[in-house]
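Novice: Structure of the sequence below:
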Amino acid sequence: MAKKSQAKQSVRDALKVPVGGPPGIPLEPDSIPTGPDSKSAAAKDLAATGERLAELQEALYAEGVTGGGSRAVLLVLQGMDTSGKGGTIKHVCGQVNPQGLHITSFKKPTKAELRHHFLWRIRRQLPSPGMIGVFDRSHYEDVLVVRVNELVSREVWSGRYEEINEFESEITGTGITLIKCFLHISPETQKERLIARLKNPAKHWKYNPADLDARARWSAYTEAYVDALNRCSTTEHPWYVIPSDHKWYRNWAVGRLLLETLEDLKPQLPRGDFDVDAELARLIEADPLG
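Specialist: Numbers count the residues shown, from 1 in each chain. Below is the predicted model:
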């Protein structure tokens, strides 16, 4: 296991893919670049993070539903099978009020979706003001799966990087803050998790024989991810690499990324536009039991 960096820095700085940096994935799947170095310490910190997340999410939601704000957050989760997209949603996003969440799991496009531009179905699921949107897979499937499985020509998928960058700039301009997370696991860890699924009948529903077909193309997927990270990590909307061989570290890291983002947004609970004392008096006077 790689040693944790001793320099104090934000989680975003520690996990960010550098703009214009050398090609490749900057962190190892089992590394701990910052934060707690044990499962118990991470669990304790994540619990505290959850309390603060809940407070900030309530304020963001209140801004949106009262019409006082146009801001939203979109958490994008990408990664190979078993990297933990569902687990991250459960353990991180599960700590806030589900009323303020909009979770979308993007599967293989339907025939209807294929008749449209690849971003059409993405636009339809963008979070509205006050919401935290979560994408389990995303628009990046169209430069990953589509590329590796040769579903479109190189000319088509290679032109999508710039389209994606323009799209992300567009939506951030409307008030959506993007958090793009690549859940990075090793092939050895994936093998262990797939074996565990097969040995546990309660987990068979999670297993898909097609997972092994994707696993056989590991090198091609790695190359596709490297290009997506390097070509679409910008100053405005960077990619973050989440070392995910350790589930506890993955959950902690994504939780802290979300917390740092919301703390920067500083959402505020709206003040009532009414006289509190007058409303209390009305309530007491009009109480049918009273």
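Novice: From here on, just use CA atoms for contacts and neighbour counts.
Specialist: Noted.
Novice: need the contact list for the closest residue to residue 71 other than its chain neighbours.
Specialist: Once flanking residues are discounted, residue 71 sits nearest to residue 175: 4.5 Å by Cα to Cα, 6 or more residues apart in numbering. Taking Cα atoms under 8 Å, 6 or more residues apart in numbering, we find residue 175 in contact with 70-72, 129.
Novice: which one of those residues is nearest residue 108?
Specialist: residue 72 (26.2 Å; Cα to Cα).
Novice: Beta-bridge partners for that closest one, please?
Specialist: Here residue 72 sits in beta bridges with residue 176, as judged by DSSP bridges.
Novice: which residues touch it?
Specialist: Contacts of residue 72 (Cα under 8 Å, 6+ apart): 60, 127-133, 175-177.
Novice: Same list, those residues, but as JSON lines with secondary structure, distance to residue 198 and pLDDT please.
Specialist: Output for these, formatted as JSON lines (DSSP: H, G, I helix; E, B strand; the rest coil; distance: Cα to Cα, whole Å; pLDDT from 0 to 100):
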{"residue": "60", "secondary structure": "helix", "distance to residue 198": "41", "pLDDT": "97"}
{"residue": "127", "secondary structure": "coil", "distance to residue 198": "36", "pLDDT": "98"}
{"residue": "128", "secondary structure": "coil", "distance to residue 198": "39", "pLDDT": "97"}
{"residue": "129", "secondary structure": "coil", "distance to residue 198": "41", "pLDDT": "96"}
{"residue": "130", "secondary structure": "coil", "distance to residue 198": "40", "pLDDT": "97"}
{"residue": "131", "secondary structure": "coil", "distance to residue 198": "36", "pLDDT": "97"}
{"residue": "132", "secondary structure": "strand", "distance to residue 198": "34", "pLDDT": "98"}
{"residue": "133", "secondary structure": "strand", "distance to residue 198": "32", "pLDDT": "98"}
{"residue": "175", "secondary structure": "coil", "distance to residue 198": "43", "pLDDT": "96"}
{"residue": "176", "secondary structure": "strand", "distance to residue 198": "39", "pLDDT": "98"}
{"residue": "177", "secondary structure": "strand", "distance to residue 198": "38", "pLDDT": "98"}
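Novice: Pick the one among those residues closest to residue 78.
Specialist: residue 133 (14.1 Å).
Novice: Among the contacts of residue 175, name the buried ones.
Specialist: The neighbour count (16 or more other Cα atoms under 10 Å) marks 70-72, 129 as buried among the contacts of residue 175.
Novice: farthest pair in the residues you listed?
Specialist: Farthest apart among the buried ones among the contacts of residue 175 by Cα to Cα are 70 and 72. That separation is 6.8 Å.
Novice: got any residues that touch both of the two?
Specialist: Common neighbours of residue 70 and residue 72 (Cα under 8 Å, 6+ apart) are 128-130, 175.
Novice: and the gap between residue 270 and residue 252?
Specialist: For residue 270, the distance to residue 252 equals 30 Å [Cα to Cα, to the nearest Å].
Novice: can you map out the helices along the chain?
Specialist: Using DSSP state H, the helices of the chain run over residues 11-15, 39-65, 85-91, 111-114, 120-123, 145-148, 154-158, 160-173, 187-199, 210-215, 218-232, 247-265, 276-285.
Novice: Most tightly packed of those?
Specialist: helix 247-265 (a mean of 21; mean count of other Cα atoms under 10 Å).
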